[in-house]
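Peer 1: structural data only, the sequence is not supplied:
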């Protein structure tokens, strides 16, 4: 039986989540419809632009994304510390970039005099908005709703555009995070939409590679790679960018050449650090979404998360022990 969202998202367990939304109608989200011959390729830009806009408003960082023909993937990081550090005016300003807000909050922002009761109401509203601005469900709602409205307007129709609510997986540790990042970034390669990661349009890995080749800083709309874990760790993902790009390139070559049973000798160092068997890695990078439901991580992290969430059983335990432990 599917679990409610509150039983899958726990910031005490992990701030990292993989989310997927799929289109419900036969008409494509993006790409070209072979039946009608109509191209929807331009809609990829809608999603990529909207992801960038929301990243500048929410306390949610985008680690990876890939826009496919009838669905898209995002790997998100909830920055609770960042959201709690905002003052009330900053929270209100961010919220009102998305929604109409409230007259009393605007009065507060304008510095106009307020009664004690009015000020208390402003405080309560801002506290509610702060929670929403670090809520994955609200992030996905703001992303999906705007795309659905624009697509319906373009198609001159009404009704549901997305296939129910989005699917999410909690990534409990570095191994699960690395495997999911590579799975998302290599979606176009697996689907034969691109031969290499750098040719994979509308993906985070293409953005990262282009910036790296230009010797520029990492893309500002994406959460950066900040190196291997150490003391005084800055905000970012616990891998070196060069290691990750090497891993994605190596994995993509294995997938495209159909050599799942033949492992090259020069393994990327990130696999050695994470102690992941390369054969298991190739399976993970191709089957991550379908193999795991809900929570993903090494055996002990999975058990701890399930206990904290009040699960009676531990889902995915055998697969996590085999592939990630």
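Peer 2: Perfect, thanks for sending it. Only a predicted model underlies this, so the values are computations on that prediction, with no experimental measurement involved.
Peer 1: gap between residue 302 and residue 248?
Peer 2: 25 Å (C-beta to C-beta, to the nearest Å). Every C-beta, even on glycine, is put in place using the N, C-alpha and C of the backbone.
Peer 1: mind checking which of those two has more residues around it?
Peer 2: residue 302 (29 against 25; other C-beta atoms under 10 Å).
Peer 1: which strands or helices does the helix or strand hosting that one pack on?
Peer 2: Counting by DSSP states H and E, the element that carries residue 302 is helix 299-309. Helix 299-309 sits against strand 295-296, helix 317-324, with contacts defined as 3 or more C-beta pairs under 8 Å, 6 or more residues apart in numbering; DSSP states H and E.
Peer 1: repeat the analysis, applying 6 Å as the threshold.
Peer 2: In terms of contacts (3 or more C-beta pairs under 6 Å, 6 or more residues apart in numbering; DSSP states H and E), helix 299-309 is packed against helix 317-324.
Peer 1: what sits up against the helix it packs on?
Peer 2: Applying C-beta atoms under 6 Å, 6 or more residues apart in numbering, the external contacts of helix 317-324 come out as 175, 280, 284, 291, 298-299, 302.
Peer 1: switch the cut-off to 7 Å
Peer 2: Residues outside helix 317-324 that contact it (C-beta atoms under 7 Å, 6 or more residues apart in numbering): 175-176, 280, 283-284, 291-292, 296-299, 302.
Peer 1: show the buried residues in those residues.
Peer 2: Buried members of those, scored by 16 or more other C-beta atoms under 10 Å, are 175-176, 283-284, 291-292, 296-299, 302.
Peer 1: can you put these in TSV and add pLDDT and distance to residue 154?
Peer 2: Putting the buried ones among the contacts of helix 317-324 into TSV (pLDDT from 0 to 100; distance: C-beta to C-beta, whole Å) gives the following:
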residue	pLDDT	distance to residue 154
175	94	41
176	95	37
283	89	39
284	89	37
291	87	35
292	86	35
296	91	36
297	89	40
298	89	45
299	87	47
302	86	43
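Peer 1: name the element the residue nearest the centre of the chain belongs to?
Peer 2: In the chain, the residue lying closest to the centroid (C-alpha atoms, centre = their mean) is residue 75, at 1.9 Å. Following DSSP H and E, one finds residue 75 within strand 71-78.
Peer 1: packing partners of that strand?
Peer 2: Counting contacts by 3 or more C-beta pairs under 7 Å, 6 or more residues apart in numbering; DSSP states H and E, strand 71-78 packs against strand 16-22, strand 60-67, helix 136-155, helix 174-185.
Peer 1: buried deepest among those, which one?
Peer 2: Highest mean neighbour count of the helices and strands packed on strand 71-78: helix 174-185, a mean of 25 (counted as mean count of other C-beta atoms under 10 Å).
Peer 1: tell me the angle it makes with helix 299-309.
Peer 2: 90 degrees (axes from the mean of the first three to the mean of the last three C-alpha atoms, to 10 degrees).
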